[in-house]
Every structure is written in structure tokens, then in C-alpha cells.
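> model this:
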Amino acid sequence: MSIEDFYDMLPIHFWNKLGGFFELLKIRERNEWERTRWQTCLLINIQLPQGKRLKPKDLLEFDDEKKS
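Numbers count the residues shown, from 1 in each chain. I've put the predicted structure just below:
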């Protein structure tokens with residue numbers, strides 16, 4: 001965003017844009033954690049017998065995945 005764009009914005013538009021930016025950062029970080037959880041699960045399952053395989057949720061459960 002250029003300086004002209006910043007000064008032409010209304011405050012509510014600025015805060016909406018800032019909120020969207022932080023939401024994007026949150027989504028990207030969540031995707032990285034999901035990828036890491038999946039990779040770790042695969043590496044662990046290589047060493048476990050067939051009947052005792054783990055799911056990614058068994059390793060790390062996110063707040064929105066927890067049961068109420």
C-alpha cells in the first residue's frame with residue numbers, strides 16, 4: 001500500500017485491511033502447522049505396526065478441532 005493510498009483511506013477501511021492481513025497470516029501459519037503435523041504422522045507411522053497407526057489429530061489437536 002502506498003502512502004497516498006494510506007492517507008486516502010477512511011479509518012474503518014484501514015482497520016478492515018489490517019484485520020484481513022492478520023487473518024491471512026493466521027491462515028498461513030495454520031497451514032504450516034497442519035503440514036508439519038501430517039509429515040510427523042507419516043514418519044511415525046512408518047515405524048508402527050499396521051493396527052497401531054496414528055492420525056494427525058492424535059499428535060496435535062487444534063482448538064477448533066476439540067470436541068465441546
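> Which neighbouring elements make contact with the strand or helix carrying Phe14?
In this assignment (DSSP states H and E), Phe14 forms part of helix 11-47. On a contact count with 3 or more Cβ pairs under 8 Å, 6 or more residues apart in numbering; DSSP states H and E, helix 11-47 meets helix 56-59. Where C-beta positions appear, they are placed from N, C-alpha and C, glycine not excepted.
> ok, the residue nearest to the spatial centre of the chain to Arg37 distance?
By Cα atoms, centre = their mean, the mean C-alpha position of the chain lies nearest to Arg30, the distance being 1.0 Å. According to Cβ to Cβ, to the nearest Å, Arg30 and Arg37 sit 10 Å apart.
> cool, Leu54 as well?
10 Å.
> Contacts only, for the residue nearest to the centre of the chain.
Phe62 (Cβ atoms under 8 Å, 6 or more residues apart in numbering).
> hmm, back to that, return the distance of the helix holding Phe14 from the chain's centre.
Computed by Cα atoms, centre = their mean, to the nearest Å, the separation of helix 11-47 from the middle of its chain amounts to 2 Å.
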